[in-house]
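1. Fold the following, please.
(one chain, ligands or ions: 1)
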Amino acid sequence: MSNHRREQSEGDAAPQRFTKGHGTRNDFVLIPDPEGRLALDADAVAAISDRRGGIGADGVIRIVRTAVSGVEVPGTDGAESPGAEGVEGADPEGAAQPEWLMDYRNADGSIAEMCGNGVRVFAACLDRAGLAGSGDFVIATRAGARRVEILERPAAAGDAWQVRVGMGPGRLTEPERTVTITGRTLPAWDVDMGNPHAVALLPDDLELEDLDLTVQPALDPMPEGGANIELVARRGERHVAMRVFERGVGETQSCGTGAAAVGLAAAHWAGDDSGQEWRVDVPGGSLVIGFRESEMTLAGPAVIVADGSLAI
Ligand SMILES: N[C@@H](CCC[C@H](N)C(=O)O)C(=O)O
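-> Residues are numbered from 1 along each chain as shown. Reported below is the predicted structural model:
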């Protein structure tokens, strides 16, 4: 039996609130659990994410105070800091622990270290609740602390926030594995964005739109723990398009860490060390990847769609 129930005292039957949101149509159910009372198991996450029997989402995000989350945040020293002070770039060595943790689960219930689109929607939820201060703050993730900047707030309900996230440095490895898709075997670059990615550039005679991503492309060898797989087409100067098969989900309309991985690989393929931004188109929109001295950045929209109560 799935479990997303709070540890309840007798007679406490308050419904569990949730918010539904998306970033470039990569969609999430966010569940506030400030005091860390929610027991959210893999079956519950899969049931909530189910697009017919549940609410439907690519992932479920628990909004929990880091101090009570039971999650150790790499690179932080355990002391609490609600603001951005003490944080130089992302994943800072020995930085104070951010107040709020993005506890991310894929639609199949598996835990992932990081979600770039999820961080933006998480930030929009904190901002709407008045918990983001001036709009420059730090969020904890399993991949480390991530700096968030609210660039734009929505003018009207249903409009998007625009949010930039520090994504850490990103680490790219020359191909040691291949991706096979639509009968073609291509070299794959491993990119570590806190979570694992395998990025392949399509040859000119293979259209991004023609790929069959209803099944997972074969990754050989498959890394222990799996990987998100991105297929990339060139579009123009500092401009590429991608599709993604996400670990723990399947094909999604967008992946923020995937777009950062693709930006890093595309700049590498182009021999571009100018530090200028790259545009990465995804089926659900467009994202901007930046290169700062110590880290990459991801900028794009975050939309809050609905608030409700869980009855399942
Ligand atoms: N969609 C996310 C990535 C979510 C986690 C991923 N499926 C994994 O298992 O690593 C993003 O926007 O980055």
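2. Let me know whether my guess that residue 56 is in a helix holds.
-> No: assessed with DSSP: H, G, I helix; E, B strand; the rest coil, residue 56 is coil; it does not lie in a helix.
3. Was I right to think it contacts residue 50?
-> Yes: using C-beta atoms under 8 Å, residue 56 is in contact with residue 50, at 6.7 Å. Any C-beta I mention is one placed from the backbone N, CA and C, and that applies to glycine too.
4. Report how many residues lie close to residue 54.
-> Other residues within reach of residue 54, judged by other C-beta atoms under 10 Å, total 18.
5. no wait, residue 156
-> 5.
6. Also the one 4 residues further on?
-> The burial metric for residue 160, expressed as a neighbour count using other C-beta under 10 Å, is 21.
7. for the closest residue to it other than its chain neighbours, helix, strand, or coil?
-> Nearest residue to residue 160, sequence neighbours excluded (C-beta to C-beta, 6 or more residues apart in numbering): residue 301, at 3.6 Å. Following three-state DSSP, the label given to residue 301 is strand.
8. Starting from the ligand, give me the distance back to residue 301.
-> Using C-beta to the nearest ligand atom, to the nearest Å, one gets 12 Å for the distance from residue 301 to the ligand.
9. what does residue 193 give?
-> Separation of residue 193 from the ligand (C-beta to the nearest ligand atom) stands at 7 Å.
10. Go ahead and confirm that residue touches residue 112.
-> No: contact between residue 193 and residue 112 fails when scored by C-beta under 8 Å: they sit 10.8 Å apart.
11. which one of the two has more residues nearby?
-> Using other C-beta under 10 Å as the criterion, residue 193 and residue 112 rank with residue 193 on top: 28 against 23.
12. Give me the nearest residue to that one, chain neighbours excluded.
-> Closest residue to residue 193 apart from its sequence neighbours, by C-beta to C-beta, 6+ apart: residue 257 at 4.1 Å.
13. which stretches of the stretch 1-150 of the chain form strands?
-> Assignment of strands within the stretch 1-150 of the chain using DSSP state E, counting those that start in this stretch yields the ranges 16-23, 26-32, 59-65, 76-81, 95-98, 100-106, 136-141, 144-152.
14. Oops, could you answer that again for the stretch 201-312 of the chain instead?
-> Ranges of strands within the stretch 201-312 of the chain are 218-220, 228-236, 239-246, 250-252, 278-282, 285-291, 296-310, based on DSSP E, counting those that start in this stretch.
15. In JSON lines, list those strands along with mean neighbour count, distance to residue 178 and mean pLDDT.
-> Shown next, in JSON lines, are those (neighbours: other C-beta atoms under 10 Å; distance: least, C-beta to C-beta, whole Å; pLDDT from 0 to 100):
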{"stretch": "strand 218-220", "mean neighbour count": "14", "distance to residue 178": "5", "mean pLDDT": "98"}
{"stretch": "strand 228-236", "mean neighbour count": "20", "distance to residue 178": "11", "mean pLDDT": "98"}
{"stretch": "strand 239-246", "mean neighbour count": "24", "distance to residue 178": "15", "mean pLDDT": "98"}
{"stretch": "strand 250-252", "mean neighbour count": "20", "distance to residue 178": "19", "mean pLDDT": "98"}
{"stretch": "strand 278-282", "mean neighbour count": "24", "distance to residue 178": "22", "mean pLDDT": "99"}
{"stretch": "strand 285-291", "mean neighbour count": "20", "distance to residue 178": "25", "mean pLDDT": "98"}
{"stretch": "strand 296-310", "mean neighbour count": "19", "distance to residue 178": "25", "mean pLDDT": "97"}
